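**Q** pasting the sequence and the predicted model now:
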Amino acid sequence: MATLDLQEQEQVDALKAWWKDNGKTVLLTCALVVGGIVASQAWQSYKANKRTEAAAMYSELMKQAASNDPKRINDAAAAVTDKYSSSAYAPRAALLAAQVNIQAKDNARAKTQLQWVIDHADEDGLKHLARLKLASVLLDEKNFAEALKLLEAPHPDSFVGLYADLKGDVLSAEGKSEEARAAYQQAYNKFDTKSMYRSLIQMKLDALGGAK
């Protein structure tokens, strides 16, 4: 090996001194950068796997739904909401199970599931559907005050007709005909002229003696 001249030796000595002072920091920084990339890739892979698993569990729930067996459906729905609560499938699973429980007259369980959707769903549309279903259950239980409280929640224009119609049902059940008529009229005005839903609201207005 050729002998280093004085200038080269000084450069080598300076590099050694710098590495002694900064080498560990450089290695740590590199490790963190590489580790961050690996961790990010692992996290994306983990999320993809979770989505796949959640989809499979939801698919199983749909199979159980055909059985019309409330216990099997509730068990399958619980598996989705418990293990994959942050997935888009969880609120849908809870809504499906709640509908089954409403039909089975298990209002207590249905109300718990609907409230879960209201509290946890990321999609506003699902929250509104759950709120409307819950208000309907409360109406059946003659819990008019709580039903109306739910129906006062802020909602987009696309849901005004549904909220107003159900509000009319609650007010009508309370015997508040004038207020019910106003709510039905609001709902009537929100639906398309060819909508079957509008025809149903028209019948409710007719029953109150306030047909349009």
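**A** Sure, I can see it.

**Q** can we go C-alpha only for contacts and neighbour counts from here?
**A** Fine.

**Q** domain ranges for the protein?
**A** Domain assignment for the chain, taken from automatic domain parsing, gives 31-122, 148-212.

**Q** quick one: average pLDDT of the first one?
**A** Computed over domain 31-122, the mean pLDDT rounds to 80.

**Q** in stretch 117-135, what's buried?
**A** Buried residues in stretch 117-135, counted by 16 or more other CA atoms under 10 Å: 117-118, 120-121, 126-135.

**Q** got a list of contacts for it?
**A** 85-86, 88, 90-92, 94-95, 111, 114-115, 146-148, 150-151, 155, 159, 162-163, 166 (CA atoms under 8 Å, 6 or more residues apart in numbering).

**Q** now that stretch, how far from the centre of its chain.
**A** Relative to its chain's centre, stretch 117-135 lies at 7 Å (CA atoms, centre = their mean, to the nearest Å).

**Q** check the secondary structure at Ala153 for me.
**A** The three-state assignment at Ala153 reads coil, by DSSP: H, G, I helix; E, B strand; the rest coil.

**Q** got the CA coordinates for the helix or strand containing Leu139 in PDB?
**A** For Leu139, the element it lies in under DSSP states H and E is helix 124-140. Backbone C-alpha positions of helix 124-140 (Å, rounded to 0.1, in the frame of the first residue of the first chain) are rendered in PDB as follows:
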ATOM      1  CA  ASP A 124     -72.600  10.300   8.300                       C
ATOM      2  CA  GLY A 125     -75.200   8.500   6.100                       C
ATOM      3  CA  LEU A 126     -75.000   5.400   8.400                       C
ATOM      4  CA  LYS A 127     -75.300   7.500  11.500                       C
ATOM      5  CA  HIS A 128     -78.500   9.100  10.100                       C
ATOM      6  CA  LEU A 129     -79.900   5.700   9.200                       C
ATOM      7  CA  ALA A 130     -79.200   4.400  12.700                       C
ATOM      8  CA  ARG A 131     -80.700   7.500  14.300                       C
ATOM      9  CA  LEU A 132     -83.900   7.200  12.300                       C
ATOM     10  CA  LYS A 133     -84.200   3.500  13.100                       C
ATOM     11  CA  LEU A 134     -83.600   4.200  16.800                       C
ATOM     12  CA  ALA A 135     -86.200   7.000  16.800                       C
ATOM     13  CA  SER A 136     -88.700   4.600  15.200                       C
ATOM     14  CA  VAL A 137     -88.000   2.000  17.900                       C
ATOM     15  CA  LEU A 138     -88.600   4.600  20.600                       C
ATOM     16  CA  LEU A 139     -91.800   5.600  18.800                       C
ATOM     17  CA  ASP A 140     -93.000   2.000  19.000                       C
END
